[in-house]
Every structure is written in structure tokens, then in C-alpha cells.
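>>> Sequence first, then the predicted structure, then my questions.
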Amino acid sequence: LLIIFMIATPLIQQEQTIPVNLPSESVKSQAKPPPDMEFQAVAIDRTGNFYVGTRRVTFAELSGALATMATKSNPPVIRIRADLTLQWQQVVRLMDEIKKHNLTKITFDTQAPQ
């Protein structure tokens, strides 16, 4: 378990360098995901730029990355990190692309209320 945290913490910190103002959710306890579950962050910043992990990509490159993820025997959970002020049509466009590649495990990142 310690090794998982040691590996995951730097990855989470890298994702947080993308300037995304996440929407808030109510405070509640979160269920722990299984330790073998892989997550892949896809972010959209306030200007509509797409990121896979921390790498800025075009929409065509994003589509290729999603196609590659879909070929895995155990596809990752797609973590959507969309800026609060973003026009939600961009999120719908991303969701359509994710569904096109038959990736069905999706979560939305939020932040705790302040």
C-alpha cells in the first residue's frame, strides 16, 4: 500500500499543475478504489485546451490516446478534470469521444467545498 502511495502521489501532483478550477461537491466519505485499478486523467482548461495526464494534446491526439487505452485488456478509468468556467459543450464533446472508443469507466474530479 505504501508503494502505491509513493508512486501515485507524484502523478497526482503533476496533474494539479494544470490550471483547472474544479466544481465543488458536498462533503461525504469516499469509497477506496481497488488497488489494481488504473486511472488516466484527461483535463480541459478554461480556454478549451485538452491534456492527457500533464501533456497538452490536440483533439486528434486525444482521440488516438483514447484508442490506445481502449486496446488494453483492462482499460483505465478516465478521470475528467474540467474547469468550472468551461463551456460544457467541450465536456460533451470529450464524453462522445470516450464513448466512441467504448471506454465505459469514467469519473469527474471535483474539489471539496471551501
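Perfect, I can see it now.
>>> Could I get the full set of helices for the protein?
Using DSSP state H, the helices of the chain run over 2-15, 59-70, 89-100.
>>> Look at residue 71 and report its pLDDT.
As predicted, residue 71 sits at a pLDDT of 95.
>>> no no, residue 2
Note for residue 2: predicted pLDDT of 57.
>>> same deal with residue 114?
Value for residue 114, per-residue pLDDT: 62.
>>> now residue 11
Looking at residue 11, the pLDDT reads 56.
>>> same thing with residue 82?
pLDDT for residue 82: 91.
>>> Point out where the chain drops to low pLDDT.
1-18, 21-31, 33, 113-114 (pLDDT under 70).
>>> just checking, residue 56 touches residue 50?
Yes. Taking contacts as C-beta atoms under 8 Å, residue 56 lies within contact range of residue 50: 7.2 Å. Where you see a C-beta, it was placed from the backbone N, CA and C, and this is true even at glycine.
>>> Comparing those two, which shows the higher neighbour count?
residue 50 (21 against 12; other C-beta atoms under 10 Å).
>>> who's in contact with that one?
Contact partners of residue 50, counting by C-beta atoms under 8 Å, 6 or more residues apart in numbering, are 42-44, 56-59, 62, 94.
>>> what about 7 Å?
42, 44, 57, 59, 62 (C-beta atoms under 7 Å, 6 or more residues apart in numbering).
>>> Over to residue 99?
Contacts for residue 99 (C-beta under 7 Å, 6+ apart) come out as none.
>>> quick one: which of the contacts of residue 50 is nearest residue 83?
Distances from residue 83 to these, taken as C-beta to C-beta, are shortest for residue 44 (6.4 Å).
>>> what about the nearest residue to the closest one once chain neighbours are set aside, neighbour count?
Using C-beta to C-beta, 6 or more residues apart in numbering and skipping residues adjacent in sequence, the residue nearest residue 44 is residue 82, 4.9 Å away. Residues lying near residue 82 (other C-beta under 10 Å) number 23.
>>> In stretch 95-109, which residues are buried?
Neighbour counts using 16 or more other C-beta atoms under 10 Å place 97-98, 101, 103, 109 of stretch 95-109 among the buried residues.
>>> can you list the residues you listed in a markdown table and add distance to residue 20?
Below are the buried residues of stretch 95-109 laid out as a markdown table (distance: C-beta to C-beta, whole Å):
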| residue | distance to residue 20 |
| --- | --- |
| 97 | 18 |
| 98 | 17 |
| 101 | 22 |
| 103 | 20 |
| 109 | 8 |
